[in-house]
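[1] Model the following, please.
(one chain, ligands or ions: 1)
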Amino acid sequence: MYDFNKVVDRKHTSNIKYDLRDKFFGRADVLPMWVADMDFETPDFIRDAVIKRAQHSIYGYSFRSESYFQSIVDWVQKRHNWSVNTDWIVFSPGIVPALNFSTLSFSNKGDSIIVQSPVYFPFFTAVTDNMRVQLNNKLVLKDGRYFIDFDDFEEKAKTADMFFLSSPHNPVGRMWTKDELLRLGQICVQNNVIIISDEIHCDLILPGNKHIPIASLSNAIADITVTCIAPSKTFNMAGLSTSSVIISNKNLRDKFEQVLSRYHLSHGNIFGTVASEAGYNHGARWVDELMQYVNNNYREVEQALLNSKGTIRLISPDATYLAWLDFRNTGYSDEQIKNILVNKARLGLSHGPIFGEGGQGFQRMNLATPHSLVKDAIERLITAFNL
Ligand SMILES: Cc1ncc(COP(=O)(O)O)c(C=O)c1O
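    Numbering: from 1, shown residues only. Model (predicted):
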């Protein structure tokens, strides 16, 4: 069994989560449960691979070998039942870069892109920073669960050029069902809308659920889909800037690769390469144990909130380690909620409104942290809000 209880001191390691608290929260003593990386150690088999490569004394230009690509193919096949070819896989230094490269590759200024708020905020900037037009197909919250408004999606698809899908969805934690994905895919096929499916959280699935890559559903959907995956979230190695974009349609792939090579970004970095390969080849058991642990953290939060007055609610998740908490019944404004969290509870969460329309009254809490810290956080939350 891997030990996820260990509390590692991350201070003074140039990490965003702890070392930039002052900048983001105005004080350095908040318990940071915001940016989406984990407080768990990157697994030993990845650290060993990085150390081994680091011990060679030259860090010159590198390339990704066949075994690197094969490790991705094998992982995607075993974990997600999706058969892909090595030559469909394109490197990207990250998924946010991949969203932006996609926008540049497949659309022109003034074209329209569908997003589904509340959603990971770089989805918005990948549209607007590139002078594209955002069409928001806002998610619908019904009885504590989020759904897609398909009538609205279909209407927007008539004029849209692209669609940014978050699957599983950050921040609402929803895994889209096969029926939902098929329906989205079919509407996009009918309307010539290119799907950029951000599946960075696809390995972080809570027990009992199964991720479905939208491109695995039919050849027609695969033909219009760009799928983004990465070992960064899965194995806690975001600092190594290594991710993959899977594009079976050669025409789309060529366009994407042209943008990458224009900026000379395809080399990547040697440590990310060996870490990715080690993770995908040896990480199955680690991820399974991780998500069991995260699931227990969710249960802790859920139970503690239910045992209090039930004013703050956890949106029941299917995936991710990011708890989406509903503060609307507290009666406080977003600014008041933030102020109580930071200055009274000393908690640094992700502020709901940054995720766009539908994020008001919510906060996102990162539960990929040792149980003792989750317990501490939830006690602080309950005390600060007098629950
Ligand atoms: C949905 C989603 N996409 C992309 C990213 C970040 O990707 P990257 O760091 O590879 O740019 C995150 C990080 O939280 C995310 O949640």
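[2] going forward, measure contacts and count neighbours with C-alpha atoms only.
    Fine.
[3] For residue 131, give me its contacts.
    109, 110 (CA atoms under 8 Å, 6 or more residues apart in numbering).
[4] Can you tell me the element it falls in?
    Under DSSP states H and E, no helix or strand contains residue 131.
[5] Need the pLDDT of the one residue in the stretch 201-350 of the chain that gets nearest to the ligand.
    The nearest approach of the stretch 201-350 of the chain to the ligand comes at residue 238, 6.0 Å away (CA to the nearest ligand atom). Note on residue 238: pLDDT of 97.
[6] To what extent is it buried, counted in neighbours?
    For residue 238, the count of nearby residues is 19 (other CA atoms under 10 Å).
[7] Need the nearest residue in space to it, chain neighbours excluded.
    residue 232 (4.3 Å; CA to CA, 6 or more residues apart in numbering).
[8] Point me to the residue of the stretch 151-300 of the chain nearest the ligand.
    Of all residues in the stretch 151-300 of the chain, residue 170 sits closest to the ligand, at 5.2 Å by CA to the nearest ligand atom.
[9] that's a strand at that residue, yeah?
    No: applying DSSP: H, G, I helix; E, B strand; the rest coil, one finds residue 170 to be coil, outside a strand.
[10] Surely it touches residue 119?
    Yes: counting by CA atoms under 8 Å, residue 170 does reach residue 119; the two are 5.9 Å apart.
[11] Let me see the contact set for the residue lying closest to residue 121 once chain neighbours are set aside.
    Nearest residue to residue 121, sequence neighbours excluded (CA to CA, 6+ apart): residue 355, at 5.1 Å. If you count contacts by CA under 8 Å, 6+ apart, residue 355 has them with 117, 118, 119, 120, 121, 171.
[12] cutoff 6 Å now
    By CA atoms under 6 Å, 6 or more residues apart in numbering, the contact set of residue 355 is 118, 119, 120, 121.
[13] Close to the ligand: what parts of the stretch 51-200 of the chain are there?
    With CA under 6 Å from any ligand atom as the criterion, the stretch 51-200 of the chain meets the ligand at residues 94, 95, 96, 97, 120, 166, 170, 198, 200.
[14] Mind checking which of these are buried?
    Neighbour counting by 16 or more other CA atoms under 10 Å classes 94, 95, 96, 120, 166, 170, 198, 200 among these as buried.
[15] chain center to stretch 82-91, what's the gap?
    The chain centroid and the centroid of stretch 82-91 are separated by 20 Å, computed with CA atoms, centre = their mean, to the nearest Å.
[16] let's number from 28 now, not from 1
    In the new count, where the first residue is 28, that last one comes out as stretch 109-118.
[17] what's in contact with that stretch?
    Contacts for stretch 109-118 (CA under 6 Å, 6+ apart): 96, 100, 103, 104, 243, 271, 272, 273, 274, 275.
[18] Which residue, neighbours along the chain excluded, lies closest to the fourth one?
    If the residues on either side of it in the chain are set aside, residue 104 comes closest to residue 110, at 5.4 Å by CA to CA, 6+ apart.
[19] quick one: that neighbour from residue 243, how far?
    Residue 110 is 8 Å from residue 243, where distance means CA to CA, to the nearest Å.
[20] before we move on, back to that, and the residues of the stretch 78-227 of the chain next to the ligand, which two are furthest apart?
    124 and 197 (17.0 Å; CA to CA).
[21] confidence score at whatever residue of the stretch 28-177 of the chain ends up closest to the ligand?
    Of all residues in the stretch 28-177 of the chain, residue 121 sits closest to the ligand, at 3.3 Å by CA to the nearest ligand atom. For residue 121, the model assigns a pLDDT of 97.
[22] With residue 383 instead?
    For residue 383, pLDDT reads 98.
[23] ok, it - contacts?
    Listed by CA under 6 Å, 6+ apart, the contact partners of residue 383 are 144, 145.
[24] repeat that for 8 Å
    Counting by CA under 8 Å, 6+ apart, residue 383 makes contact with 144, 145, 146, 148.
[25] Mind putting these into TSV with distance to residue 181 and secondary structure?
    As requested, those are exported to TSV (distance: CA to CA, whole Å; DSSP: H, G, I helix; E, B strand; the rest coil):
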residue	distance to residue 181	secondary structure
144	16	coil
145	19	coil
146	19	coil
148	23	coil
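[26] which one of residue 110 and residue 243 has more residues nearby?
    A side-by-side neighbour count of residue 110 and residue 243, using other CA under 10 Å, places residue 243 first with 17 against 13.
[27] From the contact counts, what lies against the longest helix that the chain contains?
    Ranked by residue count and defined by DSSP state H, the top helix of the chain is helix 311-334. Other helices and strands packing on helix 311-334, by 3 or more CA pairs under 8 Å, 6 or more residues apart in numbering; DSSP states H and E, are strand 340-341, helix 398-411.
[28] any idea of the pLDDT on the residue of the stretch 178-327 of the chain closest to the ligand?
    Looking at residue 197, its pLDDT is 98.
[29] That one and residue 125, how far apart?
    Taking CA to CA, one finds residue 197 at 17 Å from residue 125.
[30] repeat for residue 266
    In this view, residue 266 and residue 125 are 16 Å apart by CA to CA.
[31] for residue 245, same thing?
    23 Å.
[32] which one of the two has more residues nearby?
    Remark: of residue 245 and residue 125, residue 125 carries more neighbours, 27 against 12, as counted by other CA under 10 Å.
[33] Test my guess that residue 65 contacts residue 395.
    Yes: in terms of CA under 8 Å, residue 65 counts as a neighbour of residue 395; the distance is 4.9 Å.
[34] between these two, which one's more packed in?
    Neighbour count, other CA under 10 Å: between residue 65 and residue 395, residue 395 has more, with 27 against 21.
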